[in-house]
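>>> curious how this folds, go ahead:
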Amino acid sequence: MRSKLFVPGSRPELFAKALASAADSLSFDLEDAVAESRKDEARALLRDFLLSGAAAGAHAKTIIVRVNAMDTPHFAQDVEQVVRDGVHLVNLPKPESAAHVARAANAIADAARANGVHRVPGLLLNMETPKSLRIGAALAAAHPSVKGLQLGLGDLFEPYGIHRRETGAIAQAMFAVRMAAAEAGVWAYDGAFANIRDMDGFRAECELSRRMGFLGKTCIHPSQITVANEVFQPSRQEIDDALKVVEAARGADRNAVGAYVVDGRMIDRPFVLRAQAIVESARALGLA
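Down below sits the predicted model:
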């Protein structure tokens with residue numbers, strides 16, 4: 001899931017275009033991208049689209065729905081209407097406690113049963129408040145359906161006067177989310193970059209989040225997809241180096257050697273795990 005394209009739930013003319021895009025995943029949004037006066041309309045439009053089977057037929061894409069937060073009057077209706085076959089993940093904004101996460105997971109499971117859904121969607125939790133950043137690992141471990149944590153820097157920074165382009169603050173927030181995800185055994189995903197004209201800035205933030213171990217980045221415009229896909233896939237050099245490590249690890253296992261040298265680098269288990277992940281990613285993308 002190198003790239004995730006946001007699609008406003010109130011813009012049905014964009015649904016088919018999004019499905020045809022090069023994005024690895026789509027996030028149909030019922031929250032920030034939809035005006036309060038159009039929440040009911042957007043929910044109905046998205047429900048009808050999902051019931052049409054179009055999303056379920058997009059086998060190569062991960063389909064996500066961002067619902068409204070649990071403290072709004074929209075959350076329950078969102079879940080009841082959009083938990084349908086073809087939806088892989090429900091994106092939950094502003095979770096504030098493990099109990100919130102468990103209640104959301106239970107609501108999704110109830111909706112799946114009521115709607116005859118064959119596979120219950122997982123949860124992608126937004127880390128976009130100071131509290132969620134502080135208790136991220138507990139949120140991620142709150143329920144087995146949690147698959148990942150997603151960083152939301154706009155909500156996390158803007159209300160508190162932190163500049164959105166402050167690299168030091170961005171790196172600290174990324175590191176906190178990545179460590180919380182690692183502790184819980186889920187993946188970390190990067191959020192949006194709002195200036196769609198600044199492709200250099202977008203690329204730089206993609207590169208930073210990839211170095212931090214994030215899986216991919218949210219795109220708010222189709223023009224950002226190509227860069228995200230390029231940055232969040234292993235390079236040929238990375239693949240070749242990883243293949244060498246994996247092959248050396250096989251030999252080391254046969255000879256009961258714990259640490260060894262590959263191209264001048266001392267290698268042990270943590271480096272092997274990283275190399276295996278790179279090879280698996282490359283194979284999934286058809287690169288190895």
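>>> what residue ranges in this protein score low on pLDDT?
Scanning the chain for pLDDT under 70 picks out the ranges 57-59.
>>> same thing but 80
55-59, 288 (pLDDT under 80).
>>> report the outermost residue of it with respect to its centre.
Distance from the C-alpha centroid of the chain, by Cα atoms, centre = their mean, peaks at Asn255 (39.5 Å).
>>> which residues in this protein form strands?
Ranges of strands within the chain are 3-8, 25-29, 62-66, 89-92, 122-127, 146-151, 187-189, 217-219, 260-262, 265-267, based on DSSP state E.
>>> who's in contact with the residue nearest the centre of the chain?
For the chain, the residue nearest the mean C-alpha position is Tyr189 (3.9 Å; Cα atoms, centre = their mean). Residues near Tyr189 by Cβ atoms under 8 Å, 6 or more residues apart in numbering: Met1, Lys4, Leu124, Gly148, Leu149, Gln150, Leu151, Phe214, Leu215, Gly216, Lys217, Thr218. All C-beta spots, glycine's among them, are computed from the backbone N, C-alpha and C.
>>> pick out whichever of the residues you listed sits closest to Ala140.
Comparing these against Ala140 with Cβ to Cβ picks out Leu149 as the nearest, at 5.6 Å.
>>> quick one: contacts for Ala102?
Applying Cβ under 8 Å, 6+ apart to Ala102 gives the contacts Ala142, His143.
>>> check Leu149 too.
So Leu149 contacts 124-127, 136, 139-140, 177, 180-181, 184, 186-189 (Cβ under 8 Å, 6+ apart).
>>> go again using 7 Å as the cut-off
Applying Cβ atoms under 7 Å, 6 or more residues apart in numbering to Leu149 gives the contacts Leu125, Met127, Gly136, Ala140, Val177, Ala180, Ala181, Val186, Ala188.
>>> domains of this protein: list them as residue ranges, please.
If you go by automatic domain parsing, the domain ranges for the chain are 3-231, 236-284.
>>> between the two ends of the longest one, how far is it?
Separation of the first and last residues of domain 3-231 by Cα to Cα, to the nearest Å is 10 Å.
>>> go on, stretch 121-139?
Distance across stretch 121-139, first residue to last, is 17 Å (Cα to Cα).
>>> what does that stretch rub up against?
Contacts of stretch 121-139 (Cβ under 7 Å, 6+ apart): 64, 83, 87-96, 98, 101, 104-105, 108, 140, 143, 145-152, 155-156, 173, 176-177, 180, 183-184, 189.
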